[in-house]
Structures are given as structure tokens and as C-alpha cells.
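Asker: requesting a structural model of the entry that follows:
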Amino acid sequence: MTARRSLRTDRRHFLRLAAGAAASASLSGRNLLRAQVAGDRPSRTTEVTVLNPRTRVPVGLIIDDSTCLVNLNRFAMPQFNEAFVGATETYHRPWRDWPVEIPDTFVRKFGEWCAGAGVKGKYSIVPYPACVGRLDRMLPGWTPRELKESLDIVRTVMMPNWDIHPEMVTHTRVIDLKTGHPFTELSPKFMENWEWTTGRSVDEIAAYLAYALRILKEVGLPCEGITTPGGFGNRALPQLAQATFQSVREVFGAEIPHYFRHAYSEGNQSVVPRVEYASGLDGPDPRCVVSIIGCTGDWTGGWDCINPGGADKFISEDGQHGRMVDVIARGEPALMLAHWTGVWFNGYEVGFNIFKQVVKRLHARYDHLLWMKLSEVSRYWAARELTQIERNGTAVQFRAPFACPDFTVRLGVSAGQPPRLRLNSEFTELKEVASALKLTSNSWFREGESAIVCFTLPKGTSQLLV
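Answerer: Numbering: from 1, shown residues only. As a prediction, the model looks like this:
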């Protein structure tokens with residue numbers, strides 16, 4: 001009863017915000033997704049510019065369709081085909097020939113290689129993969145010990161560098177929350193990838209998300225965000241954003257919930273994260289939800305293990321062309337997309353080999369990339385957009401609703417006066433470095449009459465004395 005009351009309270013709060021913030025959203029100048037609401041924005045001096053963290057370009061990998069042990073799309077393919085009654089050849093694949101399992105030896109191999117290369121991102125864990133079994137109960141076909149060991153590998157090998165997201169409950173059929181079983185109707189209306197969210201309320205979607213999140217909580221996998229499978233939420237974007245905030249805050253108490261719903265693989269449309277439904281910035285309970293935008297197609301192995309696009313679509317061998325090159329040149333977070341089933345590619349590791357080549361080319365071409373988890377990107381963009389910044393002479397005051405590491409700003413400084421950070425009555429001396437690329441937290445670089453300062457932004461009020 002307490003959980004339901006909390007969800008309703010958040011629902012009323014967001015409705016008031018949406019009604020009051022529509023004008024703000026239309027005047028914000030941002031390329032907001034249709035029907036989304038930016039919410040509140042603080043006042044900010046034009047004398048201070050917030051830059052990317054440590055002046056670098058965030059990059060990451062978003063992995064979908066992953067879970068423990070189950071080769072998800074071996075079991076999803078016939079369900080997709082049945083939902084459309086064989087009307088499309090997309091799902092006419094030789095799924096019976098595909099292995100039932102993606103082995104943990106590959107999870108460890110992949111995770112350890114990525115850790116060595118500095119790669120970070122998001123790794124889905126589908127809680128009830130394709131209705132095969134629930135991770136908090138049992139997976140028929142695997143022993144309880146095998147399931148436990150698989151979850152342990154996710155915790156120890158993946159979680160240090162990857163956010164964990166549920167990708168709804170099953171990634172196939174919609175679950176009846178009253179029974180825990182799939183709805184009997186097998187059609188696009190009751191498949192998570194298609195029509196179920198259309199016309200649903202915030203509370204209905206939030207309850208569904210919370211169901212998935214609680215399974216992962218039960219097995220010790222904390223989450224700060226969610227991933228939508230296929231078209232889930234595509235015609236219910238305001239409801240999805242608000243439901244993400246409600247459910248992730250309710251189940252895990254995450255300060256800045258985020259969700260991955262969209263990816264733009266071409267064109268000039270911005271892929272900067274959208275900080276939505278911001279409110280309460282001056283109070284004890286600041287709120288927002290962040291929409292993470294991917295910037296590529298899945299050109300590794302594909303979800304269905306056919307026609308991989310190849311490394312050149314991400315970045316050419318000479319490092320001069322490709323989608324990642326275009327986005328990095330704009331200074332926007334360049335978050336690649338892959339599907340776990342294609343990364344493994346039925347044991348041939350086609351997607352993994354493509355991705356290794358992409359990382360090699362990125363590191364050869366650039367020296368200013370910063371690999372980040374989606375939660376880290378979300379926190380930085382929430383602080384970037386929602387921190388009030390005012391300048392009064394030699395003092396720059398920050399009022400931050402959220403703390404943020406590596407917060408980086410450019411501002412004018414007095415000749416010969418090194419910046420200092422002040423929090424209450426405590427002062428922190430900042431280390432001067434020789435170039436912007438040498439910036440770490442609590443350091444600064446002189447750039448003509450300006451300084452670029454990188455520091456750990458605390459929640460609440462702080463000052464830079466320049």
C-alpha cells in the first residue's frame with residue numbers, strides 16, 4: 001500500500017509540473033523530443049561556461065538484449081513470429097539451430113577485455129528472459145548453482161564498468177502483474193516491443209517497470225535506469241519518462257533516474273542527453289529524469305546475427321569518417337549501440353571482433369575521449385543544466401541540486417590569482433596543470449585571460465574564488 005501511495009504522489013507532482021513547464025520547454029531552445037517537458041531551469045551568468053567533463057568527449061557502449069545465460073533471441077524469435085502470425089519474413093530465422101546459451105566464459109572474456117581497454121557503458125539484464133525463467137527464482141535448463149555463478153560474474157566483472165538495466169520484464173510477452181504469467185493473447189498488443197504502452201497511464205507503466213526492477217533488486221543488481229525493448233513507450237513518451245522516475249526512485253532510491261529509448265544513427269539531430277521534468281531545484285528533494293540518446297545503429301552483429309555493418313560505419317580505418325567521427329567532432333556524447341546476441345554471434349564472436357576494432361581505431365585517432373557509464377553521463381548532464389551559477393566580482397557561486405565529479409567550467413580569472421574552491425568555511429587549493437587534457441578533479445589550466453577549472457561539485461552551495 002505504501003508503494004502505491006508513493007507512486008500516486010509522484011504522479012500528481014509530475015502532472016502539476018507538466019502543466020506549468022510547457023512554456024519553459026517551448027522557449028528553452030532545445031531540440032526536445034515530442035511531448036517531453038524540460039521542467040525548471042536555473043538562472044545562470046553568461047560569464048561562466050560549463051564544458052564537457054575534463055574537456056573530453058564522453059563515449060560509451062549501450063548493450064541490449066543481454067541477460068544471464070539465456071541466448072535471448074533464440075527464444076524470442078518464434079514468439080515474435082507468432083505475434084505477427086508469420087506475416088513478416090523478419091522473424092523467419094533458423095532459431096532452432098541457434099545455441100540456447102551464451103556462456104559465462106564469454107561474459108568474463110568480454111568484460112575483462114573491456115576493463116583493460118577502459119570501456120564503459122550499459123549492460124541489460126532481462127529479468128525474465130523470453131519467459132524462459134525468472135532470475136530471482138529459476139532458469140529451467142540450468143542449475144541453481146549455474147544461475148548463481150552467472151549473477152556473480154555480472155556483479156564482479158561487469159558492474160564496476162557497466163550500468164545494469166532491466167529491458168522490461170521478458171523482452172517478449174507482456175506479463176500480467178496479478179499472476180506473474182504472460183497474458184494469453186499473443187499479438188502485438190501484448191508484446192513488450194510493440195503496442196502495450198500505447199494509451200497506458202503513468203501509474204500502469206511505472207508498476208510494470210517496478211516489477212522488472214524488483215526482480216533485479218532481489219538478485220542484488222542495483223539499477224539507476226531502464227532500457228526499453230523495441231517500440232516500448234514510443235507512443236507514450238511523457239508517461240515513460242515519468243514512470244521511469246517513479247519506478248527507479250521507488251525501488252532503488254536512485255537520485256537521478258535515466259532511461260534509454262532513442263538512438264539516432266545519422267543526420268545532424270542532437271544526441272545530447274535530455275534532462276526532463278526538472279523540479280524542486282532549490283529544495284531538499286530535487287527531481288529530474290534523463291533521456292539517454294544513442295548515436296549509432298547496431299553495426300556489430302545485429303540482434304538477429306545477420307548482416308553486421310562493420311567497423312567502418314562507426315569509424316573508418318584512417319579515422320577520418322564514420323558516425324562516431326561526426327558526433328565526436330560536435331563534442332556530444334558518442335554512445336554506441338550493440339546487441340549482446342550479435343556481439344557473441346552464436347559463438348563466432350563477430351560483433352565482439354568488430355567492436356574491438358572500433359575501440360582500437362578510436363584510441364588511435366583521439367586523445368580526448370572519456371569512457372562513461374550512462375549513470376555518469378546522466379549525472380553530469382543533470383548538473384550541467386540544473387546548477388545555478390552566478391558571478392559577483394571575483395566570486396563565482398554554484399547552487400547545485402546534485403553533486404557531480406569532474407565538473408568543468410571556463411571563466412575569466414585575475415592575473416596571477418589561482419582559483420580556490422570554497423565550501424562553507426573550508427578552502428581547497430586547486431592544482432595548476434600544463435594543458436586542458438591533463439585536467440583531473442580539483443585542478444585548473446590557464447587559457448589566456450581565462451581559466452578552465454575541473455572540480456568535484458558538491459550538492460548545495462559552493463564558490464570558486466578567482
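
Asker: can you pull out the helices in the chain?
Answerer: With DSSP state H applied, the chain shows helices at 2-27, 72-83, 104-117, 144-153, 202-218, 237-252, 311-314, 323-330, 340-344, 350-365, 374-386, listed in chain order.

Asker: can you redo those as JSON lines with distance to Thr300?
Answerer: Any C-beta I mention is one placed from the backbone N, CA and C, and that applies to glycine too. Rendered in JSON lines, the data for those read as follows (distance: least, C-beta to C-beta, whole Å):
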{"stretch": "helix 2-27", "distance to Thr300": "35"}
{"stretch": "helix 72-83", "distance to Thr300": "14"}
{"stretch": "helix 104-117", "distance to Thr300": "12"}
{"stretch": "helix 144-153", "distance to Thr300": "21"}
{"stretch": "helix 202-218", "distance to Thr300": "25"}
{"stretch": "helix 237-252", "distance to Thr300": "26"}
{"stretch": "helix 311-314", "distance to Thr300": "9"}
{"stretch": "helix 323-330", "distance to Thr300": "13"}
{"stretch": "helix 340-344", "distance to Thr300": "5"}
{"stretch": "helix 350-365", "distance to Thr300": "3"}
{"stretch": "helix 374-386", "distance to Thr300": "18"}
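
Asker: any idea which of those gets closest to Ser279?
Answerer: Proximity of the helices of the chain to Ser279 was assessed by C-beta to C-beta; the nearest stretch is helix 2-27, lying at 5.0 Å.

Asker: nearest to Leu186, out of the helices of the chain?
Answerer: Across these, the minimum distance to Leu186, taken as C-beta to C-beta, is reached by helix 72-83, at 5.6 Å.

Asker: now for the closest one, which elements pack on it?
Answerer: Based on contacts counted as 3 or more C-beta pairs under 8 Å, 6 or more residues apart in numbering; DSSP states H and E, the elements that helix 72-83 packs against are helix 340-344.

Asker: and the helix it packs on, how far out from the chain's middle?
Answerer: 19 Å (C-alpha atoms, centre = their mean, to the nearest Å).

Asker: who's in contact with that helix?
Answerer: Contacts of helix 340-344 with the rest of the structure, by C-beta atoms under 8 Å, 6 or more residues apart in numbering, involve 63-67, 71-74, 102, 106, 110, 123-124, 298, 300-305, 308, 349-352, 355.

Asker: one more time with 7 Å, if that's ok
Answerer: Helix 340-344 has contacts (C-beta atoms under 7 Å, 6 or more residues apart in numbering) with 63-66, 71-73, 102, 106, 298, 300-303, 305, 308, 351-352, 355.

Asker: what of stretch 149-158?
Answerer: Residues from elsewhere that reach stretch 149-158 (C-beta under 7 Å, 6+ apart): 68-69, 104, 107-108, 111-112, 123, 125, 135, 219-221.

Asker: in that stretch, what's buried?
Answerer: Taking 16 or more other C-beta atoms under 10 Å as the neighbour-count basis, stretch 149-158 is seen to contain the buried residues Ser150, Leu151, Ile153, Val154, Val157, Met158.

Asker: one more: stretch 423-432?
Answerer: Of the residues in stretch 423-432, those scored as buried under the neighbour-count criterion (16+ other C-beta under 10 Å) are Leu430.
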